[in-house]
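> what follows is a protein structure lacking sequence information:
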């Protein structure tokens, strides 16, 4: 088949949009404090590594994941701020709400990414699909003071490729008859779904670009990469297989992870365990909000040198109660923890997720104990709902208070500027802006 021959001659039989915020955390900090605009700004002061860098910082070689001391050498005038996840969450919610004003079919893929299906809405908005996407982009920049890049095409995989094509403030729309042009410019490693190992396998089979992949027969893709390979082959050809999963923030589909870095690193076992328990409390609270239960657990303890120890375990029965899972969490911690070893972060993973309604009772399980734990968990959730997140929790978290002070523990500005009626736990759902007069 000629490489210049179109894959499809259709325009937009489906119109799938992918929105990706540009340097989201840093952009929110600039929106809240306009004096930061034009300066190289990064977030992650509390972690000791870069969580997000704006484009001015990226132009000087600063990127996500590098240590702060290295970033300062690369960029002496670097502005480092603590991460304000409360503000990022508020901006994320407003950004997705703007998107929902144009279409109800919105899938929140991450805190700064979303897919949307705008098929059939041209008459509703009196505009082409491209104009609808540009209106969304303009509304977000005008109302929130941040920029987003948008990709528009026939499937989720293609839309995500398009949004990455031009950043920041980019817009790329690829209709059916131009898919081959986009794929011909896309190396294998840039395809959503192709990891390093898959890309190397495809290269060994003589492929270099995404276009090379879709020019092979579908049966060949299925033999080499099985069902995921077949699905992605169709997605890249403009045949949508992965549907836009609308419905609020969306329940996590595969796993929930809660992680926190603390400074300085600590070899105090009680303190490190308290940090892990705090992560566990947060992770289990999230799956309860989404009416899910976890069937397996994962614990990771990251050492000061960034190496780590991890342990996984499968529960005898899926649960949404951290109290029910605590004996397993304690055992996993003891298996992973190494005395006299300084640790810098803990991570809790909940996997094997299933809907609460899928619970099946075991004839030999201790139902009175399970019901008592469930009632206790409901009471904890009600107290935290009324008096603020983590108002009550496991006693192991008391050891966190023994942490020594660090210059990285500086809190975001918003936490020190409480409004009337607010306290450390009960907060209004609005950010606090810095006004320049």
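Structure received. Everything quoted here is computed from the prediction, not taken from an experiment.
> now do the same contact list for the nearest residue to residue 24 once chain neighbours are set aside.
Excluding the flanking residues, the one nearest residue 24 by Cβ to Cβ, 6 or more residues apart in numbering is residue 112, at 3.7 Å. Backbone N, C-alpha and C define where each C-beta goes, glycine included. Going by Cβ atoms under 8 Å, 6 or more residues apart in numbering, residue 112 touches 20-21, 24, 92, 95.
> widest-spaced pair of these?
20 and 92 (12.3 Å; Cβ to Cβ).
> tell me how far residue 269 lies from residue 336.
11 Å (Cβ to Cβ, to the nearest Å).
> so the residue nearest to residue 24 versus residue 18, what's the distance?
Residue 112 is 12 Å from residue 18, by Cβ to Cβ.
> so, low pLDDT: which residues of the stretch 301-437 of the chain?
357-370, 373, 377, 381, 383-393, 395-437 (pLDDT under 70).
> hmm, 90 instead?
303-310, 312-324, 326, 344-345, 350-437 (pLDDT under 90).
> repeat for the stretch 101-250 of the chain
Ranges of the stretch 101-250 of the chain meeting pLDDT under 90: 108-111, 165-167, 193, 195-196, 245-250.
> strands along that one, start to end?
With strands called from DSSP state E, counting those that start in this stretch, the stretch 101-250 of the chain shows them at 106-110, 113-117, 148-153, 171-173.
> out of these, which gets nearest to residue 291?
strand 106-110 (16.8 Å).
> direction included, what does the closest one pair up with?
Strand 106-110 has the following sheet partners, assigned by DSSP bridges: strand 113-117 (antiparallel).
> could you say what helices and strands the helix or strand hosting residue 334 packs with?
Residue 334 belongs to helix 322-336 when assigned by DSSP states H and E. For helix 322-336, the packing partners by 3 or more Cβ pairs under 8 Å, 6 or more residues apart in numbering; DSSP states H and E come out as helix 269-289, strand 292-303, strand 308-319, helix 367-387.
> reformat the ones you listed as JSON lines; add mean neighbour count and distance to residue 104.
Below are these laid out as JSON lines (neighbours: other Cβ atoms under 10 Å; distance: least, Cβ to Cβ, whole Å):
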{"stretch": "helix 269-289", "mean neighbour count": "22", "distance to residue 104": "21"}
{"stretch": "strand 292-303", "mean neighbour count": "20", "distance to residue 104": "23"}
{"stretch": "strand 308-319", "mean neighbour count": "15", "distance to residue 104": "31"}
{"stretch": "helix 367-387", "mean neighbour count": "13", "distance to residue 104": "28"}
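> can you lay out the ones you listed as TSV showing distance to residue 340?
As requested, those are arranged in TSV below (distance: least, Cβ to Cβ, whole Å):
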stretch	distance to residue 340
helix 269-289	9
strand 292-303	11
strand 308-319	14
helix 367-387	34
